[in-house]
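Student: Predicted coordinates and the sequence they were generated for:
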Amino acid sequence: MWETQGKSPDYRFTLANERTFLAWIRTALAFMAAAIGIDQLAAELAPDLFRESLVVTLGLTAACLSYYAYRRWVNNERAMRHDADLPFPHGLLWLSAGLATGIMLTLFILVVL
């Protein structure tokens, strides 16, 4: 198993990696809370099709972020154990682009409708 390979990293780096993991999980929970809030509390926010699409998109984003958080934590931990460079977080590019697109689309639809 990868947990026993290489050498144990300094505990401070492991704790920092865990804090980053928890930050990603908090972000996923915020997306899930937004999906539930829009679904339950903002029924008149937008047309049903758009609102339901937004809720599903937010929920799927939360699930993907949770998975990404775990994979990122494992990859960082493995790299630290082998004194390798930390992998580039490609998920951040997708998250930023998706958020920007989602925000612009939401603002457009709310203003037009």
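Tutor: It's in.
Student: For the helix or strand hosting residue 50, name the packing helices and strands.
Tutor: For residue 50, the enclosing helix or strand under DSSP states H and E is helix 48-81. Packing partners of helix 48-81 (3 or more Cβ pairs under 8 Å, 6 or more residues apart in numbering; DSSP states H and E): helix 11-41, helix 90-112. For every residue, glycine as well, the C-beta is placed using N, CA and C.
Student: ok, and which of the ones you listed has the densest surroundings?
Tutor: Ranked by mean neighbour count under mean count of other Cβ atoms under 10 Å, the helices and strands packed on helix 48-81 are led by helix 11-41, which reaches a mean of 14.
Student: Between helix 90-112 and it, find me the angle.
Tutor: Interaxial angle, helix 11-41 versus helix 90-112 (axes from the mean of the first three to the mean of the last three Cα atoms, to 10 degrees): 20 degrees.
Student: so helix 11-41 versus helix 48-81, what angle?
Tutor: Using the same axes, to 10 degrees: helix 11-41 against helix 48-81 is 170 degrees.
Student: tell me which strands and helices helix 11-41 is in contact with?
Tutor: Packing partners of helix 11-41 (3+ Cβ pairs under 8 Å, 6+ apart): helix 48-81.
Student: In the helix it packs on, which residues have enough neighbours to count as buried?
Tutor: Neighbour-count burial for helix 48-81 flags 51, 54-55, 58-59, 61-62, 64-66, 68-69, 72-73, 75-81 (criterion: 16 or more other Cβ atoms under 10 Å).
Student: Could you give the average pLDDT over the helix holding residue 50?
Tutor: Averaged across helix 48-81, pLDDT comes to 93.
Student: Next: stretch 91-107.
Tutor: 88.
Student: Setting aside sequence neighbours, what's the nearest residue to the most centrally placed residue in the chain?
Tutor: For the chain, the residue nearest the mean C-alpha position is residue 65 (2.9 Å; Cα atoms, centre = their mean). Using Cβ to Cβ, 6 or more residues apart in numbering and skipping the chain neighbours, the partner closest in space to residue 65 is residue 28 (3.9 Å).
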